[in-house]
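> Just to be clear, the model below is a prediction. Sequence and coordinates:
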Amino acid sequence: MTAQDKILYVANKLGLTSLKDMQASTGAVYDCDSENSGQIFTSAARHVNPAVTNLNTNQFEVNEALLVETIGFYINDVEESVGTVRNFQQTYGSNAVIVFDLIIGNKRTMVQTPVFGSGGPYTFANNAVDGPNGIVIPRNQVYLEGAGILIPPQIQWSVEYRIFNVVTGAVIPFEAEANLGCYLFGTRVLLNFNTSI
């Protein structure tokens, strides 16, 4: 089943018969855990800086949806006004693994999913130049491709995460000088409820 088929399936269940005539585009939402609480997207309304988030709430409007195809994690410096991106492996070590849950509504759609700090593609984030020598660091250091999960309109979503040492199994405490952030990247559509219902 393709990404478009999944969106059409959900739209048909919602009674949106005109979706096949609408256009979709690539889209991404991102937020940073600036409180080191282990939760991302839950406090997006408190952020005002685009270096931290591009959201003001963790739910879409009545006419929006996002089919998540890639989930990426990155590390921001705690100085939010600067938004300097840090390398995940340099911050937490080469044995670090992120284990996360993607929660949509009251259901955990991805449960205890591990992703490793193995670098990442340059598909949905700008590179950051960091350090006195101008070293280019990819913003999305840790990523998972092929998620294929649809976030429907007006449903709150969030990501809960922990960082483990994959060798010892110990929980790695959050770095005080850095905040973990998350991208949800995929196909974003506008669902016109007014003309469909």
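In hand now; what should we look at? Residues are numbered from 1 along each chain as shown.
> where are the low-confidence patches of this protein?
Residue ranges of the chain with pLDDT under 70: 1-4, 6-8, 10-12, 14-24, 44-49, 79-84, 117-143, 145-146, 190-197.
> Please enumerate the helices of it.
For the chain, the helices defined by DSSP state H occupy 3-13, 88-92, 193-196.
> For the second one, buried residues please.
Using 16 or more other Cβ atoms under 10 Å as the test for burial, helix 88-92 gives Phe88, Gln89, Thr91, Tyr92. No exception for glycine: its C-beta is placed from N, CA and C like everyone else's.
> can you pull the contacts of the third one?
Contact criterion Cβ atoms under 8 Å, 6 or more residues apart in numbering gives Ile75, Glu175, Ala178 as the residues in contact with Thr91.
> How many neighbouring residues does the closest residue to Val159 other than its chain neighbours have?
Excluding its sequence neighbours, the residue lying closest to Val159 (Cβ to Cβ, 6 or more residues apart in numbering) is Ile40, at 4.4 Å. Residues near Ile40, counting by other Cβ atoms under 10 Å, number 28.
> Numbering from 12 from now on, please.
Okay, residue one is now 12; in that scheme the one you just asked about reads as Ile51.
> Okay, and the beta partners of Val110?
Judged by DSSP bridges, the bridge partners of Val110 are Pro125, Arg173.
> What's the separation between it and Thr81?
18 Å (Cβ to Cβ, to the nearest Å).
> One more: Tyr41?
From Tyr41 to Thr81 the distance is 12 Å (Cβ to Cβ).
> now do Gly38
In terms of Cβ to Cβ, Gly38 sits 11 Å off from Thr81.
> do the same with Ile51
In terms of Cβ to Cβ, Ile51 sits 15 Å off from Thr81.
> Now do the strands in this protein.
35-43, 50-51, 75-88, 96-97, 107-115, 118-127, 139-141, 146-148, 153-162, 168-176, 189-201 (DSSP state E).
> will you turn the buried residues of helix 99-103 into TSV that also has distance to Ala76?
Listed next are the buried residues of helix 99-103 as TSV, based on distance: Cβ to Cβ, whole Å:
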residue	distance to Ala76
Phe99	29
Gln100	34
Thr102	33
Tyr103	33
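> Of the residues you listed, which is the nearest to Ile174?
Tyr103 (5.9 Å; Cβ to Cβ).
> Quick check: the gap between that closest one and Phe111.
Relative to Phe111, and taking Cβ to Cβ, Tyr103 is found at 14 Å.
> Looking at Tyr41 and Thr81, which is more packed in?
Ranked by neighbour count (other Cβ under 10 Å), Tyr41 and Thr81 place Tyr41 first, with 24 against 19.
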